[in-house]
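Peer 1: Task: produce atomic coordinates for the following.
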Amino acid sequence: MAVTVAVAVAAMWAIAALASPVFLDALSKLGPAATGLVAVFALIVGTFTIRQRQGADTVAAQAARRDQWWKRAQWAIDRLFEAPEERQVVAWRILRTLAESSLAGPEELAVFDAVVTDGLNRLDQAAPVGDRTGGDNGDQEEGST
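Peer 2: Predicted coordinates for the structure are as follows:
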């Protein structure tokens with residue numbers, strides 16, 4: 001109970017001190033300085049906010065560019081083994097261009113390497129041995145009849 005009385009007395013003393021003409025006069029003289037200080041603080045906060053937003057926009061733009069890069073890569077990879085052959089040629093050219101892009105990091109280039117290796121393996125397995133070497137399979141059949 002004594003603490004409650006002491007807090008009440010301290011609160012009344014603070015109110016009386018703040019309401020005194022001497023304190024209010026001193027406070028009114030600090031007004032322009034306080035306004036300037038608040039303006040500087042607002043400038044600092046605003047500058048920080050703008051820089052943070054620019055950084056976030058840059059990261060978002062880079063992410064959007066990488067997303068579009070991957071969509072193009074997926075399109076080209078999907079068309080590598082489709083007919084007609086002209087579409088395959090275009091897909092290989094697109095992949096080469098994408099591989100040269102600054103957006104292609106080590107992981108993306110590793111994916112391209114795997115696609116190229118798989119593509120070459122498929123071509124080797126699809127072609128008969130005589131077709132790859134230019135052999136004379138046709139000549140043997142003619143001579144035997």
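Peer 1: list the buried ones in stretch 96-108?
Peer 2: Buried residues in stretch 96-108, counting neighbours by 16 or more other C-beta atoms under 10 Å, are found at 98, 104, 108. Where C-beta positions appear, they are placed from N, C-alpha and C, glycine not excepted.
Peer 1: Next one, pLDDT for the second one please.
Peer 2: Turning to residue 104, the model gives it a pLDDT of 84.
Peer 1: Identify the residue spatially nearest to residue 88, adjacent ones excluded.
Peer 2: residue 80 (5.9 Å; C-beta to C-beta, 6 or more residues apart in numbering).
Peer 1: any idea which residue sits dead centre in the protein?
Peer 2: Geometric centre of the chain, nearest residue: residue 63, 2.7 Å, by C-alpha atoms, centre = their mean.
Peer 1: if you look at the buried residues of stretch 96-108, which of them are in helices?
Peer 2: Taking DSSP state H as the definition of helices, the buried residues of stretch 96-108 contribute 98, 108.
Peer 1: The residue nearest to residue 88 and residue 52: what is the separation?
Peer 2: In this view, residue 80 and residue 52 are 43 Å apart by C-beta to C-beta, to the nearest Å.
Peer 1: before we move on, what about residue 17?
Peer 2: According to C-beta to C-beta, residue 17 and residue 52 sit 42 Å apart.
Peer 1: and the helix or strand harbouring residue 12, how far out from the chain's middle?
Peer 2: Under the criterion of DSSP states H and E, residue 12 resides in helix 2-18. Its chain's average C-alpha position is 58 Å from that of helix 2-18, according to C-alpha atoms, centre = their mean, to the nearest Å.
Peer 1: other SSEs contacting the next helix or strand after that helix?
Peer 2: Following helix 2-18 in sequence order, the next helix or strand is helix 21-29 (DSSP H and E). Using 3 or more C-beta pairs under 8 Å, 6 or more residues apart in numbering; DSSP states H and E as the contact test, no helix or strand touches helix 21-29.
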